[in-house]
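Chemist: Mind looking at a prediction? Sequence and model below.
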Amino acid sequence: MGEAKRRKSTLGDQYGKEPRIVPWLPITKSQSEQFVKWTVQGSWLGIGFLIVAWLTVRFIGPAIGWWEVN
């Protein structure tokens, strides 16, 4: 018997399924990796937006004459 057949007979219905992070939480490891990827991208997007907003308030707005910064 080959290794794959042994593994299949040992795991039964769980054979070929992705492992979960914790048994009671229905989130797989690839889903958790994708969540981390999305949150990192969202964080960088938020940082970029914050920089653009700060530049607008501090430099662009006063230069155009929208308001004054003392």
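Modeler: Structure's in. What do you need?
Chemist: Low-confidence ranges, this structure, go.
Modeler: 1, 16 (pLDDT under 70).
Chemist: Now the longest helix seen in it: buried residues?
Modeler: Longest helix of the chain, by residue count under DSSP state H: helix 29-55. Across helix 29-55, burial judged by 16 or more other CB atoms under 10 Å covers no residue at all. (Glycine included, C-beta is placed from N, CA and C.)
Chemist: after it comes which helix or strand?
Modeler: Next helix or strand after helix 29-55 toward the C-terminus (DSSP states H and E): helix 61-64.
Chemist: Give me the buried positions along that following helix.
Modeler: So, applying 16+ other CB under 10 Å, helix 61-64 has no buried residues.
Chemist: gap between it and the chain center?
Modeler: 36 Å (CA atoms, centre = their mean, to the nearest Å).
Chemist: Not counting that helix itself, show me its contacts.
Modeler: With contact meaning CB atoms under 8 Å, 6 or more residues apart in numbering, helix 61-64 is reached by 67-69.
Chemist: C-alpha coordinates for that helix, PDB please?
Modeler: Taking C-alpha atoms only, helix 61-64 is exported to PDB below (Å, rounded to 0.1, in the frame of the first residue of the first chain):
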ATOM      1  CA  GLY A  61      -5.100  74.000   0.700                       C
ATOM      2  CA  PRO A  62      -3.200  77.100   2.000                       C
ATOM      3  CA  ALA A  63      -1.400  77.400  -1.400                       C
ATOM      4  CA  ILE A  64      -4.600  77.500  -3.300                       C
END
